[in-house]
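Engineer: Take a look and give me a structure for this.
(one chain, ligands or ions: 1)
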Amino acid sequence: MTGPESVLADARILFGAPQGDVRELYDRAADRYEHFRELWLRIAGASAENAMLEEVGRRLQPGARVLDAGCGTGSLSRKLLELEPDLRLTLLDLSPAMLARAGDLPGEHLVGSVLDLPLPDASFDLVVSDWVIETVSDPIRAVQEYLRILTPGGTTIYTFCSLPQGFFSRAGSSWLRGAVTHGFAGRFLPAERTPWHDCGNSSRARFHGGLTTTVTLSTCCTVGPELTPTASDT
Ligand SMILES: C[S@@+](CC[C@H](N)C(=O)[O-])C[C@H]1O[C@@H](n2cnc3c(N)ncnc32)[C@H](O)[C@@H]1O
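Structural biologist: Numbers count the residues shown, from 1 in each chain. Down below sits the predicted model:
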């Protein structure tokens, strides 16, 4: 779809639909999702996603068991397979329409929720989750689930939209936060809703004045809310 029709379709997704059921919203947005994803990466998301891919690249071993939690249309998994083609991939998403667009990718494809993963304890070496936890009702619970299914020594890496500190950053980003909230049921997580564990095995990087964040945690981590920014912030 191109031209005015395309602009209208975008506007309908971003501003026309009242925010409701997340699954239904993504089922409806699935056709246009990759277009928005590219736009989001260009506007704000690329730095956090690239930081995630760098972390992943340092850890991926041939044959690794990897869960792409909230995989959407599979864009991140495609990048993972470029880094390491020999992966045992599982793709999981709440929206059947989003997951269907990842149908060309190898591995197990599951419709399910990150809040209650239909997967056994200690069964994955790596859990990645790109722009997902800000769309769920309980982001801390989601990350607890990611940690539950990690094998000893495993890693979870997640990106999310974060609420920037300070009046000017918040005011400057309000239009973007509005678009993400209305179009994609995403919230910009404030510190008290941010899953985090401050220890020697965790790391966190913030970008665009705090608008996006990448977090890496290990199995030793017991995740809770981030109450205050710490010295380990980058
Ligand atoms: C902004 S998209 C990100 C998709 C993909 N990770 C990416 O980077 O393109 C958010 C995704 O999370 C999924 N999602 C929302 N709530 C979920 C839940 N509770 N469990 C699993 N997936 C969920 C949506 O269906 C959607 O595909």
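Engineer: gap between the residue of the chain found nearest the ligand and T151?
Structural biologist: Residue nearest to the ligand within the chain: G72 (2.6 Å; CB to the nearest ligand atom). Placement of C-beta: from N, CA and C, glycine included. According to CB to CB, to the nearest Å, G72 and T151 sit 25 Å apart.
Engineer: neighbour count winner among the two?
Structural biologist: G72 (25 against 15; other CB atoms under 10 Å).
Engineer: Output the longest helix belonging to the chain.
Structural biologist: Ranked by residue count, the top helix of the chain under DSSP state H comes out as helix 46-59.
Engineer: any idea where the strands of this structure begin and end?
Structural biologist: Taking DSSP state E as the test, the strands found in the chain are 65-69, 88-93, 108-111, 124-130, 150-161, 195-196, 203-207, 212-218, 224-225.
Engineer: Now do the first one against strand 150-161, angle only.
Structural biologist: For strand 65-69 against strand 150-161, the angle between stretch directions is 30 degrees (axes from the mean of the first three to the mean of the last three CA atoms, to 10 degrees).
Engineer: now swap in the fourth one and tell me
Structural biologist: For strand 124-130 against strand 150-161, the angle by the same axes, to 10 degrees is 10 degrees.
Engineer: ok, and what's touching strand 124-130?
Structural biologist: With contacts defined as CB atoms under 8 Å, 6 or more residues apart in numbering, strand 124-130 is touched by 49, 52, 56, 59-61, 64-70, 72, 75-76, 80, 90, 114, 142, 146, 149-151, 154-159.
Engineer: Any of the residues you listed buried? List them.
Structural biologist: 49, 52, 56, 59-60, 64-70, 72, 75-76, 80, 90, 114, 142, 146, 149-150, 154-159 (16 or more other CB atoms under 10 Å).
Engineer: which ones are touching D93?
Structural biologist: Y26, G70, C71, G72, L99, A102, L110, V111, G112.
Engineer: Which members of the residues you listed are the farthest-apart pair?
Structural biologist: Y26 and L110 (15.2 Å; CB to CB).
Engineer: which regions of the protein lie under the pLDDT threshold?
Structural biologist: 1-20, 183, 225-234 (pLDDT under 70).
Engineer: Tell me the residues on it that lie near the ligand, please.
Structural biologist: 22, 26, 37, 70-72, 75-76, 93-95, 98, 113-115, 130-132, 135-136, 184 (CB under 6 Å from any ligand atom).
Engineer: rerun at 5 Å
Structural biologist: 22, 26, 37, 70, 72, 75-76, 93-95, 98, 113-114, 130-132, 135-136 (CB under 5 Å from any ligand atom).
Engineer: Which parts of the protein are helices?
Structural biologist: 3-11, 22-29, 33-40, 46-59, 75-83, 96-100, 139-148, 167-172, 174-184.
Engineer: All set, thanks.
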